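In: Coordinates for the following, if possible.
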Amino acid sequence: MTEIEKLTAAIKQATDYQINKQILREKIQTDLHVPYNGGLFKVTPEIIMFANTQTLNEHFYIEDVYGNPIHIASPREFAELCMEHYQQVMNRWHQEHNELKRIRKV
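Out: You can find the predicted model right below:
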């Protein structure tokens, strides 16, 4: 393999990694959605923290991804659901990202 072919292969591998990394991120962003009480929510650290601050209340309303106000009857249940879902998705993202990095180094 010539020097130019080696360089071309390295550039292609690096480009493939960046493309695959972006595709993985987009997939994870979609996976972060969770249904609750007829609404669909994208779970973010912000929504988790907001839900956690509401656990002292009996209920509250929050806007879902479609712009609808959704009644959250059990703030603690909603906060726990969001946190568990977020952690599952983030763990999977971490594992898949490490696999991409491992493949790139091969």
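In: would you list every one of the strands in the protein?
Out: Taking DSSP state E as the test, the strands found in the chain are 33-36, 39-42, 60-63, 69-72.
In: Only the buried residues of the lowest-mean-pLDDT helix or strand in the chain, if you could.
Out: Here the helix or strand of the chain ranked lowest by mean pLDDT, DSSP states H and E is helix 3-31, holding a mean of 81. Residues 20, 24, 28, 31 are the ones in helix 3-31 that count as buried (16 or more other Cβ atoms under 10 Å). Any C-beta I mention is one placed from the backbone N, CA and C, and that applies to glycine too.
In: Enumerate every residue touching the second one.
Out: Taking Cβ atoms under 8 Å, 6 or more residues apart in numbering as the definition of contact, the neighbours of residue 24 are 93, 96-97, 100.
In: count of neighbours near residue 57?
Out: Using other Cβ atoms under 10 Å, residue 57 is surrounded by 10 other residues.
In: I'd like the distance between it and residue 71.
Out: 12 Å (Cβ to Cβ, to the nearest Å).
In: just residue 101 next, same as before
Out: 43 Å.
In: Quick check: bridge partners of residue 69?
Out: Residue 69 forms beta bridges with residue 63, as assigned by DSSP bridges.
In: Now do the longest helix along the chain: which elements does it pack against?
Out: When the chain is parsed with DSSP state H, its longest helix is helix 75-105. Packed against helix 75-105 by the contact rule (3 or more Cβ pairs under 8 Å, 6 or more residues apart in numbering; DSSP states H and E) you find helix 3-31, strand 33-36, helix 45-53.
In: Which residue is most remote from the mean position of the chain?
Out: Note on the chain: the largest C-alpha distance from the chain mean falls to residue 2, namely 41.5 Å (Cα atoms, centre = their mean).
In: any idea how far residue 8 is from that residue?
Out: Distance of residue 2 to residue 8, computed by Cβ to Cβ: 9 Å.
In: Then residue 43?
Out: From residue 43 across to residue 8, the span is 41 Å (Cβ to Cβ).
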